[in-house]
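Participant: here's my sequence, what's the structure:
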Amino acid sequence: MKLFGGKNKKDQRQEPETGPQVTLLIGGMHCASCGLLIDDELEEVPGVRSARTDVRSGRSTIRLEGTVTVDTDALVAAVERAGDYTAQPVG
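Facilitator: Prediction:
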């Protein structure tokens, strides 16, 4: 939790979801906790505003800050750091 007016992740997740995005196909997920672990790891990548991983569809939608370009290899590496998961960009 951040104090003195800073935003924590819960606050960020309530903001409108607009701007550039990247979608990844995720393999190896079994439950909602898997998706949350992946989201947390992706949100640590510089330039990522938010990540939403849907276990049922096997996709993660990553929203980026403004016009920031994030290397998809960095996003894939973040997914792999979260556990025994695989990721590949869609499109």
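Participant: which residues of the protein fall in helices?
Facilitator: For the chain, the helices defined by DSSP state H occupy 9-12, 32-42, 72-82.
Participant: go through the ones you listed and name the closest to Arg52.
Facilitator: Ranking these by proximity to Arg52 (C-beta to C-beta) places helix 32-42 first, at 6.7 Å. Backbone N, C-alpha and C define where each C-beta goes, glycine included.
Participant: how about that closest one: buried residues?
Facilitator: Of the residues in helix 32-42, 34-35, 37-39, 41-42 count as buried by neighbour count, 16 or more other C-beta atoms under 10 Å.
Participant: save these as JSON lines, and put in pLDDT and distance to Asp54 too.
Facilitator: Below are the buried residues of helix 32-42 laid out as JSON lines (pLDDT from 0 to 100; distance: C-beta to C-beta, whole Å):
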{"residue": "Cys34", "pLDDT": "96", "distance to Asp54": "11"}
{"residue": "Gly35", "pLDDT": "97", "distance to Asp54": "7"}
{"residue": "Leu37", "pLDDT": "97", "distance to Asp54": "14"}
{"residue": "Ile38", "pLDDT": "98", "distance to Asp54": "10"}
{"residue": "Asp39", "pLDDT": "98", "distance to Asp54": "10"}
{"residue": "Glu41", "pLDDT": "98", "distance to Asp54": "16"}
{"residue": "Leu42", "pLDDT": "98", "distance to Asp54": "13"}
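Participant: most widely separated two among the residues you listed?
Facilitator: Spanning the widest gap among the buried residues of helix 32-42 are Cys34 and Leu42, at 12.6 Å by C-beta to C-beta.
Participant: shared neighbours of the two, which are they?
Facilitator: Counting by C-beta atoms under 8 Å, 6 or more residues apart in numbering, the common neighbours of Cys34 and Leu42 are 53, 82.
Participant: for the buried residues of helix 32-42, which one is nearest Thr53?
Facilitator: Closest to Thr53, out of all of those and judged by C-beta to C-beta, is Gly35, at 3.8 Å.
Participant: quick check: closest non-adjacent residue to that closest one.
Facilitator: Spatial nearest neighbour of Gly35, excluding adjacent residues (C-beta to C-beta, 6 or more residues apart in numbering): Thr53 at 3.8 Å.
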